[in-house]
Each structure stands twice: as C-alpha cells, then as structure tokens.
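generate coordinates for the sequence data below:
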Amino acid sequence: MRREMWTIVAAAAIFAAWAVGAETLSTRDSDDKTALHNWMCQKCSVIVQSKNRPSASGCPSNKHHQWNDLGETGDTTFQCKKCGARVESKEKPSSSYCPSGGHHQWNRLTR
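A predicted model of the protein is given here:
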C-alpha cells in the first residue's frame, strides 16, 4: 500500500512540474510573437523579418518555403561561415538548418 501511494505522489509531482514547464513555454512563445524575428527559408535561403511565420507560398526553389526561425531581430550582425547569410539579431541566431548542410556556424561581426 505504501509503495502504491508513493507512486501516485511521484506521478503527481512529475505532472505538476511538467505543467509548470509547459505554461512557461507557452508564455514565452506568446511573448515572442510581439517581436520581429528573422526567418530563413531552408530551400532558397531568403531571409525575411516578420512577427509570425511568413507565407509558405512562392519559393523559387520549390513550391513552398520551409521557414526556420533564426530568432529575434536586434542590433548585432552575425554571419554564417558556411552559407554566408547575414542577420541583425538580438542574440546569436539559431544554428538549425543551414542551407549549405548541417548547422549554421554564426560569427559576430564587429563594426
């Protein structure tokens, strides 16, 4: 009986921790929608700034863009060593989905 009770208490604690984490993530996501983000298409490499995911239609490399959110726009310039993309970003951009293959290798540019 004690073991079963312990299992129930542990499961409840795990669920509560998960719920708090999920709430934090959803709050962060909703806050991010008010700021401009850099979006890069994995297929054609075009970069656009938008608060929300841009339209998928009109990709010159295929029928549909595949957008990757590089992060919030800002005052610091970063350039990818692999594909040459440049973005003005608040923090180091996401390294996911470099059009040259694998991950971006971002370098901060000095002015």
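
residue 49: neighbour count?
14 (other CB atoms under 10 Å). The way it works is simple: take the backbone N, C-alpha and C, and place the C-beta from them, glycine included.

helix or strand: which one has it?
Using DSSP states H and E, residue 49 sits within strand 47-50.

packing partners of that strand?
In this structure, strand 47-50 makes packing contacts with strand 37-41, judged by 3 or more CB pairs under 8 Å, 6 or more residues apart in numbering; DSSP states H and E.

quick one: strands adjacent to the strand it packs on?
Strand pairing for strand 37-41, determined by DSSP bridges: strand 47-50 (antiparallel), strand 67-80 (antiparallel).

and these: which comes nearest residue 34?
strand 67-80 (10.1 Å; CB to CB).

quick one: average pLDDT of that closest one?
Average pLDDT, strand 67-80: 97.

list the buried residues in it.
Neighbour-count burial for strand 67-80, counted by 16 or more other CB atoms under 10 Å, picks out 67-71, 73-74, 76, 78-80.

can you check stretch 79-87 too?
79-80, 85, 87.

follow-up on the earlier one: same list, the strands paired with strand 37-41, but as CSV with distance to residue 38 please.
As requested, these are exported to CSV (distance: least, CB to CB, whole Å):
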stretch, distance to residue 38
strand 47-50, 6
strand 67-80, 4
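
so which of these is nearest residue 97?
Of the strands paired with strand 37-41, nearest to residue 97 by CB to CB is strand 67-80, at 4.5 Å.

what sits up against the closest one?
Contacts to strand 67-80, defined as CB atoms under 8 Å, 6 or more residues apart in numbering, come from residues 32, 35-42, 47, 49, 53-54, 56, 85-94, 96-98, 100, 104-109, 111.
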